[in-house]
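Trainee: Take a look and give me a structure for this.
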Amino acid sequence: MAEEIKERLSFASQRRHAARQKAWDQLFLKGPVTFNWMCSHIPDATSRLILVARAFADIEERSRIKLTRKHWECAGITDKDTRSRVIAKIKRECPSIHLDAKQGRCTYLEFKHL
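Mentor: Numbers count the residues shown, from 1 in each chain. Model prediction:
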(Lines give C-alpha, C1' and ligand atoms only; values in the text may rest on other atoms or scores of the structure.)
Protein backbone atom coordinates (compact mmCIF):
# COMPACT_ATOMS: atom_id res chain seq x y z
CA MET A 1 0.00 0.00 0.00
CA ALA A 2 2.76 2.47 0.95
CA GLU A 3 4.65 1.60 -2.24
CA GLU A 4 1.48 2.23 -4.27
CA ILE A 5 1.17 5.73 -2.85
CA LYS A 6 4.86 6.49 -3.37
CA GLU A 7 4.59 5.54 -7.04
CA ARG A 8 1.84 8.13 -7.55
CA LEU A 9 3.76 10.92 -5.83
CA SER A 10 6.05 13.28 -7.71
CA PHE A 11 9.79 13.05 -7.12
CA ALA A 12 9.76 16.18 -4.93
CA SER A 13 6.92 14.75 -2.81
CA GLN A 14 8.79 11.46 -2.44
CA ARG A 15 11.87 13.35 -1.21
CA ARG A 16 9.80 15.35 1.31
CA HIS A 17 8.13 12.16 2.52
CA ALA A 18 11.51 10.41 2.92
CA ALA A 19 12.94 13.40 4.81
CA ARG A 20 9.90 13.56 7.10
CA GLN A 21 10.07 9.81 7.75
CA LYS A 22 13.80 10.05 8.53
CA ALA A 23 13.14 12.87 11.00
CA TRP A 24 10.34 10.89 12.67
CA ASP A 25 12.57 7.83 12.91
CA GLN A 26 14.97 9.86 15.05
CA LEU A 27 12.28 10.90 17.56
CA PHE A 28 12.47 8.97 20.79
CA LEU A 29 10.14 7.73 23.50
CA LYS A 30 12.25 8.16 26.61
CA GLY A 31 15.99 7.96 26.84
CA PRO A 32 17.77 6.65 23.78
CA VAL A 33 14.86 4.51 22.51
CA THR A 34 13.98 5.90 19.05
CA PHE A 35 10.81 5.14 17.12
CA ASN A 36 12.95 3.44 14.48
CA TRP A 37 14.43 1.10 17.11
CA MET A 38 10.97 0.41 18.50
CA CYS A 39 9.58 -0.49 15.05
CA SER A 40 12.44 -2.89 14.40
CA HIS A 41 12.36 -4.58 17.83
CA ILE A 42 8.65 -4.72 18.75
CA PRO A 43 6.78 -6.93 16.25
CA ASP A 44 3.25 -6.24 17.56
CA ALA A 45 1.71 -3.22 15.82
CA THR A 46 -0.79 -2.67 18.65
CA SER A 47 1.94 -2.43 21.26
CA ARG A 48 3.90 0.00 19.11
CA LEU A 49 0.87 2.24 18.59
CA ILE A 50 0.06 2.28 22.31
CA LEU A 51 3.67 3.22 23.15
CA VAL A 52 3.71 5.98 20.53
CA ALA A 53 0.32 7.35 21.61
CA ARG A 54 1.35 7.27 25.26
CA ALA A 55 4.58 9.11 24.45
CA PHE A 56 2.75 11.87 22.56
CA ALA A 57 0.06 12.07 25.28
CA ASP A 58 2.81 12.50 27.89
CA ILE A 59 4.45 15.20 25.79
CA GLU A 60 1.15 17.10 25.52
CA GLU A 61 0.26 16.29 29.16
CA ARG A 62 -3.17 14.98 28.14
CA SER A 63 -4.97 11.70 28.55
CA ARG A 64 -6.77 11.96 25.18
CA ILE A 65 -4.95 12.07 21.85
CA LYS A 66 -6.07 12.31 18.24
CA LEU A 67 -4.33 9.60 16.19
CA THR A 68 -3.09 11.32 13.04
CA ARG A 69 -0.94 10.00 10.22
CA LYS A 70 2.13 11.10 12.16
CA HIS A 71 1.28 8.77 15.06
CA TRP A 72 0.48 5.83 12.78
CA GLU A 73 3.70 6.25 10.80
CA CYS A 74 5.83 6.67 13.93
CA ALA A 75 4.42 3.31 15.03
CA GLY A 76 5.29 1.80 11.65
CA ILE A 77 1.67 1.28 10.60
CA THR A 78 1.05 2.44 7.04
CA ASP A 79 -1.89 0.48 5.64
CA LYS A 80 -5.60 0.66 6.45
CA ASP A 81 -5.99 -3.06 7.13
CA THR A 82 -3.38 -3.01 9.88
CA ARG A 83 -4.95 0.14 11.36
CA SER A 84 -8.38 -1.50 11.54
CA ARG A 85 -6.91 -4.67 13.11
CA VAL A 86 -5.03 -2.57 15.69
CA ILE A 87 -8.17 -0.60 16.58
CA ALA A 88 -10.18 -3.81 16.93
CA LYS A 89 -7.51 -5.38 19.14
CA ILE A 90 -7.33 -2.32 21.41
CA LYS A 91 -11.14 -2.33 21.79
CA ARG A 92 -11.13 -6.05 22.53
CA GLU A 93 -8.12 -6.39 24.84
CA CYS A 94 -7.39 -3.02 26.49
CA PRO A 95 -10.12 -2.01 28.93
CA SER A 96 -8.07 0.92 30.29
CA ILE A 97 -7.95 2.56 26.85
CA HIS A 98 -11.08 4.15 25.40
CA LEU A 99 -11.30 4.50 21.61
CA ASP A 100 -13.54 6.93 19.78
CA ALA A 101 -13.36 5.59 16.22
CA LYS A 102 -15.80 6.79 13.59
CA GLN A 103 -15.83 5.95 9.89
CA GLY A 104 -13.97 8.60 7.88
CA ARG A 105 -12.67 10.44 10.97
CA CYS A 106 -9.45 10.40 12.95
CA THR A 107 -9.52 8.00 15.88
CA TYR A 108 -9.26 9.43 19.37
CA LEU A 109 -7.50 7.34 21.98
CA GLU A 110 -7.98 8.08 25.67
CA PHE A 111 -5.97 6.57 28.49
CA LYS A 112 -8.37 6.19 31.43
CA HIS A 113 -5.67 5.93 34.13
CA LEU A 114 -2.95 8.50 33.42
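Trainee: Neighbours of the residue nearest to H113 when sequence neighbours are not counted, how many?
Mentor: Spatial nearest neighbour of H113, chain neighbours left out: S96 (5.4 Å); criterion: Cβ to Cβ, 6 or more residues apart in numbering. The C-beta positions use only the backbone N, C-alpha and C, and glycine is treated the same way. By the criterion of other Cβ atoms under 10 Å, S96 has 9 neighbours.
Trainee: per-residue pLDDT, S96?
Mentor: Note on S96: pLDDT of 91.
Trainee: Return the backbone torsion pair for it.
Mentor: phi -90, psi 0 (degrees, to the nearest 10).
Trainee: so what's it up against?
Mentor: Taking Cβ atoms under 8 Å, 6 or more residues apart in numbering, we find S96 in contact with F111, K112, H113.
Trainee: between those, which has the most around it?
Mentor: Of all the contacts of S96, F111 has the most neighbours under the rule other Cβ under 10 Å, reaching 18 neighbours.
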